[in-house]
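Enquirer: A structural model of the following input is requested.
(4 chains)
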Number of protein chains: 4
Amino acid sequence: MKKYIEKQFNFSRYLDGISEKQIEEHLKLYFGYVKHTNLIREKIAELSKDKENNFYVISELRRRFSFEFNGMRMHEYYFEQFEGQSVNLNPESFLAKVLTEKYGSLASSIEHFIEVGKSRGIGWVVLSYDLAGQTPHIVWVGDHELGQLGGLPIIAVMDMWEHSFMVDYLPSEKEKYIEAFFRNVNANVLEKRFEDVIQDETFL
Amino acid sequence: MKKYIEKQFNFSRYLDGISEKQIEEHLKLYFGYVKHTNLIREKIAELSKDKENNFYVISELRRRFSFEFNGMRMHEYYFEQFEGQSVNLNPESFLAKVLTEKYGSLASSIEHFIEVGKSRGIGWVVLSYDLAGQTPHIVWVGDHELGQLGGLPIIAVMDMWEHSFMVDYLPSEKEKYIEAFFRNVNANVLEKRFEDVIQDETFL
Amino acid sequence: MKKYIEKQFNFSRYLDGISEKQIEEHLKLYFGYVKHTNLIREKIAELSKDKENNFYVISELRRRFSFEFNGMRMHEYYFEQFEGQSVNLNPESFLAKVLTEKYGSLASSIEHFIEVGKSRGIGWVVLSYDLAGQTPHIVWVGDHELGQLGGLPIIAVMDMWEHSFMVDYLPSEKEKYIEAFFRNVNANVLEKRFEDVIQDETFL
Amino acid sequence: MKKYIEKQFNFSRYLDGISEKQIEEHLKLYFGYVKHTNLIREKIAELSKDKENNFYVISELRRRFSFEFNGMRMHEYYFEQFEGQSVNLNPESFLAKVLTEKYGSLASSIEHFIEVGKSRGIGWVVLSYDLAGQTPHIVWVGDHELGQLGGLPIIAVMDMWEHSFMVDYLPSEKEKYIEAFFRNVNANVLEKRFEDVIQDETFL
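Expert: Take a look at the predicted model:
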């Protein structure tokens, strides 16, 4: 069984409004998800040696896999967005075009993303793209695995767990974190993800 | 706003062990998901005319979108698998190769899929493929939206809601439905889905 | 460790619109919940012999206990309601009074209960009573464990899983089942439950 | 409609290892739950004026009620435990006896509670008592509403959302918070809750 490996992120610059301490603690949590994604598979393999006796336990571990796997993967999407330089979305990019088509303007698509980020509880904002329906969706995902849109490729994510900002901000200052998030995103990363999605489609 | 449209499925043959009545009732439920996927978006649009007053309501409707959208999309994946003829997985296909690589043999990958189908509660078995990790995953998804693997393309699904078999079978006969499911799947559909996923990768 | 025991229900009469076959199949599922409530505890005990190695597995089994336990308990609340004779709620009962106070009339409280029963997806309608807030609540619970009101005593439940009616009705006939449910309930059971809740309160 | 009112807690002493700032921020979040518990009911009442048109929206708001209500109520259970003085559980109390009976000793019941607190993700540890089964249960509840044991009275809770400790501790220091929690609990509050539960039972 191939193991999932901790991805190394290239943070060559200081983030603005998100401290090194915050990133450091956040990465520790990410490492925990990688570790537990592997652990859950090892435990299933171990218990499968006596499948009959362990059927129920294996089955319930499998049910939980999505929490750890998504916990790992969502953090990878997140941190990758801070690699390289902070760059705004290019209004001429394909991504900008589909967002503008749905939300009226780039500004209002960002406003929409921020609104979703103010959903009650903890989780993620996820921008994904539905090729079949030819439309982007910006949704809230609770925890890491409650409400993911099945099969849709992911273009952008914003972590709204409390651990992603509480080293720097109080819960009552959540909006400051959201602003800081947007100041630091390298939108080239998002554009690249979207281009990978549409590359073989006769698009636009 | 583009509406989602009910997909028409081409059931040119009788299914074996899944009755026409069962399919008919199941399709009615699918139509309900399409309807509500559109409805939820219309309601959000309607309420957004007074965003300030309706912020909370809009936010909670958005949270629920994944249930309706996945309910629609998962049923589309499901019914498409019964289109055309019933065909076994080609052992020479790319899909067969990655399944064999992970599960030891085609037979044991199917056995694994069936095991996951016996998970407690209602939901779906989903076979998806992780390009980043170069490995397939067969997981259980509760309801339609609890435990989807974020961003992973979907190759095969099996509906394990009680409505998908109770026209023909009792809950205590769930395994007969699973057997019938496998007798009717057109594996070409799955192979095609997988080839779309890997087409641009230097694969295998 | 004391085991949970299958409760025997006294169905001395034929139900109206809910067949013996339906009840029989439903009871089999109930027995499954009792069995798995015990099983999950046995497995935890077994794995606890090597706590260090099994910490994660134990923890995830514990998380799942609520599904099996509630699955057991909710079905007990449900079947008990069919014991004895079918009796309407006594308008002079304490329960009728608190329902009338909140919902305007007994009829509109029943209408409200039915409305909640038409929620999308599968689960339960639960009438519980909040002593601290001195008010009844009628809520939807997804699956068996998603959305239970913590700490509130339960007065009435209606099973809205598909297995509770699909032996007798199609999914598109769900409302017929709801009507049948109400024709068969022995409201004395609900009144008794409520009296147990308020017995030591200076009430009304 | 009676509104839920913010409970005032009597913190006459300094907590040990949980700062005033931490409590202050945590109380702000509690106030948010009270506010939204009321808001959700107001919105339902408002939308019910045009029930036909708003059926779906009302239904989905109702589904969400458990999050806000439990969010309110669980915090009340939590903060009440810090009122008065820090007192250990009396080994002669009824509560100590049932815990000892199940877990072998008071110390191992506390150890068990702490273990559950180390579950992955965010949520609550809840000690409740099953009168029907005559046994206490210590379970994990995800978010506020995922996995509550239906109908069981609550004896003790520990908040394991990140907001409950991150003013004082890093996520990697979670155990220090758990220790601080136990140093500050007034176990008389728990004993009193349990006595209310068993008062009319021929108990022990």
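
Enquirer: From here on, just use CA atoms for contacts and neighbour counts.
Expert: Will do.

Enquirer: Give me the phi and psi angles of residue A:156.
Expert: For residue A:156, the backbone dihedrals are phi -150, psi 150 (criterion: degrees, to the nearest 10).

Enquirer: What count of nearby residues applies to it?
Expert: Using other CA atoms under 10 Å in any protein chain shown as the criterion, residue A:156 is surrounded by 24 other residues.

Enquirer: Could you measure from it over to chain C?
Expert: Counting by CA to the nearest CA, to the nearest Å, the gap from residue A:156 to chain C is 29 Å.

Enquirer: So which elements touch the helix with the most length in chain A?
Expert: Secondary structure of chain A per DSSP state H: the longest helix is helix A:51-80. Other helices and strands packing on helix A:51-80, by 3 or more CA pairs under 8 Å, 6 or more residues apart in numbering or on different chains; DSSP states H and E, are helix A:20-47, strand A:154-159, strand B:135-142, helix C:51-80.

Enquirer: a markdown table for these, including mean pLDDT and distance to residue B:52?
Expert: Formatted as a markdown table, the entries for those read as follows, by pLDDT from 0 to 100; distance: least, CA to CA, whole Å:
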| stretch | mean pLDDT | distance to residue B:52 |
| --- | --- | --- |
| helix A:20-47 | 97 | 32 |
| strand A:154-159 | 98 | 23 |
| strand B:135-142 | 98 | 34 |
| helix C:51-80 | 97 | 38 |
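
Enquirer: For residue A:119, which of those is the nearest?
Expert: Taking CA to CA as the criterion, strand A:154-159 is the member of the helices and strands packed on helix A:51-80 that comes nearest to residue A:119, at 12.0 Å.

Enquirer: That closest one packs against which elements?
Expert: In this structure, strand A:154-159 packs against helix A:51-80, strand A:123-130, helix A:187-198, with contacts taken as 3+ CA pairs under 8 Å, 6+ apart.

Enquirer: That strand pairs with which strands, and in what direction?
Expert: Based on DSSP bridges, the strands next to strand A:154-159 in the sheet, each with its direction, are strand A:123-130 (antiparallel).

Enquirer: Compute the inter-axis angle for the partner strand and strand A:135-142.
Expert: Counting by axes from the mean of the first three to the mean of the last three CA atoms, to 10 degrees, strand A:123-130 points 160 degrees away from the direction of strand A:135-142.

Enquirer: show me the contacts for residue A:194.
Expert: With contacts taken as CA atoms under 8 Å, 6 or more residues apart in numbering or on different chains, residue A:194 has the following neighbours: A:94, A:95, A:155.

Enquirer: Get me the contact residues on chain A for chain C.
Expert: Within chain A, the residues that sit near chain C (CA under 8 Å from any CA of the partner chain) are A:43, A:57, A:60, A:61, A:64.

Enquirer: ok, now which ones touch the last one?
Expert: Spelled out, it's residue A:64. With contact taken as CA under 8 Å, 6+ apart, residue A:64 is in contact with B:147, C:60.

Enquirer: if we can go back for a sec, please identify the deepest-packed of the helices and strands packed on strand A:154-159.
Expert: strand A:123-130 (a mean of 22; mean count of other CA atoms under 10 Å in any protein chain shown).

Enquirer: between it and helix A:187-198, how many degrees?
Expert: Using the same axes, to 10 degrees, strand A:123-130 lies at 40 degrees relative to helix A:187-198.

Enquirer: From the rest of the structure, what touches strand A:123-130?
Expert: A:113, A:116-117, A:135-144, A:152-161.

Enquirer: Quick one, which of those are buried?
Expert: The neighbour-count test (16 or more other CA atoms under 10 Å in any protein chain shown) marks A:113, A:116-117, A:136-144, A:152-161 as buried among the contacts of strand A:123-130.

Enquirer: count of neighbours near residue A:28?
Expert: Applying the criterion other CA under 10 Å, we find 12 residues in the vicinity of residue A:28.

Enquirer: Find the nearest non-adjacent residue to it, please.
Expert: The spatial neighbour of residue A:28 that comes closest, neighbours along the chain excluded (CA to CA, 6 or more residues apart in numbering or on different chains), is residue D:172 at 8.0 Å.

Enquirer: per-residue confidence for that neighbour?
Expert: You'll see residue D:172 listed with a pLDDT of 94.

Enquirer: Also residue A:201?
Expert: At residue A:201 the predicted local confidence, pLDDT, stands at 60.

Enquirer: average pLDDT for stretch A:103-113?
Expert: Confidence for stretch A:103-113, expressed as mean pLDDT, is 97.

Enquirer: How about the contacts made by residue A:186?
Expert: If a contact means CA under 8 Å, 6+ apart, then residue A:186 has A:81, A:82, A:83, A:84, A:85, A:86, A:87, A:88 as its contacts.
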